[in-house]
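Asker: no sequence for this one, just the structure:
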């Protein structure tokens with residue numbers, strides 16, 4: 001790590017120039033957020049039934065008392081011994097914010113393909129408290145493009161809105177948002193995948209403030225350094 005050491009006056013001049021760039025970025029981010037919130041909605045007509053701590057629940061049930069729902073698509077396939085380490089890293093960030101989301105009429109639920117007993121055991125190991133349900137017995141993961149067949153992994157996957165994509169796993173991460181109207185109808189409003197999930201990772205926000213940043217350039221892939229929280 002090298003540094004360009006200057007006087008306080010020179011540093012302040014450089015910092016003010018960067019501040020103007022940061023303000024431009026904030027204004028652009030605000031505009032992007034408004035565009036995201038203004039996306040049209042799609043009525044969810046298929047029935048999805050999930051397995052969880054409360055038995056079987058529909059997609060509409062997952063909203064609880066709220067009119068907005070965030071679903072994190074957590075990579076955990078049937079037959080895996082544990083959940084994805086990168087998804088676990090991300091879940092560590094959102095586990096504690098549920099009470100705050102609820103104040104803004106939002107529920108957050110995690111959905112995975114593995115059977116519920118597997119999810120329950122891993123959740124206990126990791127010390128999480130968020131709601132986690134299984135989509136093992138429905139098409140939810142397939143319909144929202146986070147579960148793939150062997151053929152799809154070899155170049156025929158539809159991931160991050162791109163067809164004919166190669167994905168190195170049977171499961172992929174993502175987040176989807178839904179709204180429920182007064183009649184109980186559920187609408188899909190937004191989904192994000194890949195680097196679209198970075199906004200959910202607070203650790204990266206902090207790392208981006210320090211000189212070495214994320215320090216991932218020499219790694220085989222960006223999250224190679226990440227471990228399950230009990231394995232560092």
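Answerer: On my side now, so go ahead. Quick caveat: nothing in here was measured; it's all calculated off a predicted structure. Numbers count the residues shown, from 1 in each chain.

Asker: okay, CA-based contacts and neighbour counts for the rest of this
Answerer: Will do.

Asker: Per the annotation, how does the protein divide into domains?
Answerer: Per automatic domain parsing, the domain ranges recorded for the chain read 8-37, 43-204.

Asker: Of those domains, flag the one that's most buried.
Answerer: The highest mean neighbour count among those, using mean count of other Cα atoms under 10 Å, belongs to domain 43-204: a mean of 17.

Asker: tell me the average confidence for stretch 19-33?
Answerer: For stretch 19-33, the mean per-residue pLDDT is 98.

Asker: Please enumerate the strands of the protein.
Answerer: Residue ranges of the strands in the chain, as given by DSSP state E, are 42-43, 49-52, 55-58, 68-73, 106-112, 131-134, 157-159, 162-165, 174-180, 186-193.

Asker: Comparing those strands by mean pLDDT, which bottoms out?
Answerer: strand 162-165 (a mean of 78).

Asker: name the helices or strands packed onto it?
Answerer: strand 157-159 (3 or more Cα pairs under 8 Å, 6 or more residues apart in numbering; DSSP states H and E).

Asker: Could you name the helices and strands sitting against the strand it packs on?
Answerer: strand 162-165.

Asker: List the pairing partners of the strand it packs on within its sheet, with orientation.
Answerer: Its sheet considered, strand 162-165 pairs with strand 157-159 (antiparallel) by DSSP bridges.

Asker: so how far is the partner strand off the chain centroid?
Answerer: Counting by Cα atoms, centre = their mean, to the nearest Å, strand 157-159 is centred 17 Å from the centre of its parent chain.

Asker: Could you do stretch 103-122 as well?
Answerer: 12 Å.

Asker: Let's have the domains of the chain in JSON lines, adding distance to residue 227.
Answerer: Below are the domains of the chain laid out as JSON lines (distance: least, Cα to Cα, whole Å):
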{"stretch": "domain 8-37", "distance to residue 227": "30"}
{"stretch": "domain 43-204", "distance to residue 227": "6"}
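
Asker: will you turn the strands of the chain into a markdown table that also has distance to residue 8?
Answerer: Converted to a markdown table, the strands of the chain look like this (distance: least, Cα to Cα, whole Å):
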| stretch | distance to residue 8 |
| --- | --- |
| strand 42-43 | 54 |
| strand 49-52 | 57 |
| strand 55-58 | 60 |
| strand 68-73 | 45 |
| strand 106-112 | 45 |
| strand 131-134 | 50 |
| strand 157-159 | 48 |
| strand 162-165 | 48 |
| strand 174-180 | 44 |
| strand 186-193 | 42 |
